[in-house]
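Enquirer: return atomic coordinates for the entry below.
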Amino acid sequence: MANTTKQTGAAPANISGATNFDPSGAPIQIVSDVDPAHPAVDDNPRSGTSVDQNRIDFNDPTITGQEAVEKALGYSHTTSDQAAKSDDK
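Expert: As a prediction, this is how the structure comes out:
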């Protein structure tokens, strides 16, 4: 016979939406049962990274991944670049 005991872990979480955002773009939310000191939680994911690593943001949903990389690296296509690429195909 199946276990019909109600499991509270499957219930929807009651966590308020973020109203503030960290400079990294991460939403600031308080989750009461998360212990930031627990070894499985990275409470400082940018520790040991450089300014350049934190400057580049590939999370722009309005452009493609290739466009994001080109933008971050300061590369831009010119008409002659695009014509050369079409000739290579």
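
Enquirer: isn't residue 68 right next to residue 60, touching?
Expert: Yes - if you go by Cβ atoms under 8 Å, residue 68 and residue 60 touch, sitting 5.6 Å apart. All C-beta atoms are positioned from the backbone trio N, CA, C, and that covers glycine.

Enquirer: out of those two, which sits in the busier spot?
Expert: residue 68 (17 against 12; other Cβ atoms under 10 Å).

Enquirer: host element of residue 69?
Expert: helix 65-73 (DSSP states H and E).

Enquirer: count of neighbours near the closest residue to residue 27 other than its chain neighbours?
Expert: Spatially, and ignoring its direct neighbours in sequence, residue 27 is nearest to residue 18 (3.2 Å; Cβ to Cβ, 6 or more residues apart in numbering). Other residues within reach of residue 18, judged by other Cβ under 10 Å, total 12.
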